[in-house]
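> I'd like to go over a predicted model; first the sequence, then the structure.
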Amino acid sequence: MGCSQYSAAHHLVWCGSLLACFPPGAVQGVAEEGPAPKLDLAVPSRTDTMFGRHGRNRAMTVIIGMDPHKRSATIEAIDSTSKVLATGRYGTDTTGYAEMLTAGRQFPDRVWAVEGCNGIGRHLAHRLVHDREIVIDVPAKLSAQVRVFATGNGRKTDPVDAHSVALAALHAPNLRRVEADSELIALGMLADRRDELGRTRTETVCRLHRLLLELIPGGAKTFLSARQARELIAPITPADAAARVRLRLVVELIEDLETIDRKTKAADKELRQLVTERGSTLMDLHGIEPSSAARLLADTGDIRRFRDRDRFASWNGTAPLDASSGDQQRHRLSRAGNRKINRVLHIMAIVQLRNRTPGRVYYDGRRAGKPRWKRSERSNADSRTWSTPRCSPISDGVIWQAREGNRERLLTPARPVPTRTPILRTSHIPDPPHRLTPHPQRRLDIEGCQ
């Protein structure tokens, strides 16, 4: 479909750009004054259908975009032609929420588009779902991309954000429908609490190490428990006021550490019970603990929303990104996606590599025939190329499967590099160049200088 057909469908005037056109009567290059600059895009809309959870289609006529905050929410209702039907700002208390719901229900066929349903918009999205409203999640990055083409000179206000959210929901396909599963919500809250306890324990141990270093020559060992810390300070007799205060603070930190350990054990026990009652077998995988299984279940939700494993790998950031340019074919690790799920999979991979597990066997098997050197026809006799992609041992091999198509390609570096052991990559920045031979040592000719 050409841009002229897009313009006819959206009542736009062709301005020579496929990205943005101006409505009839608008003057190009002149910013329109007003609190909420509007955006018209020459893109196909999905005004005819909306994708539901079970694949059913529902006629869609009105989208209510929402910019949520803690104590307020700004909404804007648009129809299938991006015409603004209603706007408003409401509080998030009981009275304000009831007024907002009444204002939205004046449109019989409506869909609520809430920005950041996994973040600041979660409380309002779940309240709407409990009131049997249809709610879809609009990622903040998507609405930000819509604002790029706005004509408001970069203005970012609540009405502008609500308009951008509504437009993003109108034109973007396959947005996730929000569903409030009480069991998954409970798992998510407990997983968050477990992560907070882990971070708090790390901070407490670090403070304890700092004080023990001043009390005990050489300090304590890295991995320190509360019982071991008590044994270390038992024979210490403070000699002055500073030492007495330091010892008292150490005792308080040890008590805090014992409390954190008790809460951590209780949280793990509750998470294990909830995951088991849900019928999940994730904890059978080596490297998946109750908190990791709960995180996978809570953040993933309905796994059927992913068409295949490749889509799931792209969503959690384990699939590599294509960074090819010209004749050079290469990939790099993705920093996008759900970083919490990515962290869980990374920990699982590291744990499997440290033990004799199927993941370690798979990793060793991949390394058995690699790295190998190949002569490059375009390089000189001293140049060599390494045909092995860098290893990222995700247990299900999703990264390796994504790289199978480029496995036999020759990558010619800018200078000779030695054979390296494949390691986990944490950055897409290439390693600094290594020399095959060290620099020759230069001698100072003392006799010649005399």
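Arrived safely.
> Show me the helices in the stretch 201-350 of the chain, by range?
Ranges of helices within the stretch 201-350 of the chain are 226-233, 241-277, 290-300, 309-316, 339-354, based on DSSP state H, counting those that start in this stretch.
> With mean pLDDT, distance to residue 100 and mean neighbour count as added columns, please give the ones you listed in TSV.
Every C-beta, even on glycine, is put in place using the N, C-alpha and C of the backbone. Written out in TSV, the entries for the helices of the stretch 201-350 of the chain read as follows (pLDDT from 0 to 100; distance: least, Cβ to Cβ, whole Å; neighbours: other Cβ atoms under 10 Å):
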stretch	mean pLDDT	distance to residue 100	mean neighbour count
helix 226-233	92	50	16
helix 241-277	94	33	15
helix 290-300	93	27	23
helix 309-316	90	31	17
helix 339-354	92	30	18
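> Show me where this protein dips below the pLDDT cut-off.
Segments of the chain classed as low confidence (criterion: pLDDT under 70) are 1-60, 152-154, 369-450.
> Tell me which of the helices of the stretch 201-350 of the chain lies nearest to residue 135.
Nearest to residue 135 among those is helix 290-300; the distance by Cβ to Cβ comes to 17.7 Å.
> so what does the closest one touch, helix or strand wise?
Based on contacts counted as 3 or more Cβ pairs under 8 Å, 6 or more residues apart in numbering; DSSP states H and E, the elements that helix 290-300 packs against are helix 182-215, helix 241-277, helix 339-354.
> Burial check on residue 367, number of neighbours?
14 (other Cβ atoms under 10 Å).
> element containing it?
Element membership of residue 367, judged by DSSP states H and E, is helix 358-368.
> ok, back up a step: for the helices and strands packed on helix 290-300, which one sits closest to residue 62?
Relative to residue 62, the nearest member of those by Cβ to Cβ is helix 182-215, separated by 28.2 Å.
> Okay, buried residues for that closest one please.
Buried residues in helix 182-215, defined by neighbour count with 16 or more other Cβ atoms under 10 Å: 184, 187-188, 190-191, 193-194, 197, 200-201, 204-205, 207-209, 211-212, 215.
> hang on, the earlier thing: can you add distance to residue 126 and give the helices and strands packed on helix 290-300 back as TSV?
Output for these, formatted as TSV (distance: least, Cβ to Cβ, whole Å):
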stretch	distance to residue 126
helix 182-215	8
helix 241-277	19
helix 339-354	19
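> Columns distance to residue 101 on top of the helices of the stretch 201-350 of the chain, output as CSV?
Conversion of the helices of the stretch 201-350 of the chain to CSV gives the following (distance: least, Cβ to Cβ, whole Å):
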stretch, distance to residue 101
helix 226-233, 51
helix 241-277, 32
helix 290-300, 27
helix 309-316, 31
helix 339-354, 31
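> Now residue 128: which helix or strand?
Remark: residue 128 resides in helix 122-130, with elements defined by DSSP H and E.
> which strands and helices sit next to that helix?
For helix 122-130, the helices and strands in contact under the criterion 3+ Cβ pairs under 8 Å, 6+ apart are strand 62-68, helix 94-104, strand 110-115, strand 135-138.
> Would you mind putting the ones you listed into a markdown table with distance to residue 81 and mean neighbour count alongside?
Formatted as a markdown table, those follow (distance: least, Cβ to Cβ, whole Å; neighbours: other Cβ atoms under 10 Å):
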| stretch | distance to residue 81 | mean neighbour count |
| --- | --- | --- |
| strand 62-68 | 11 | 26 |
| helix 94-104 | 19 | 15 |
| strand 110-115 | 16 | 25 |
| strand 135-138 | 19 | 23 |
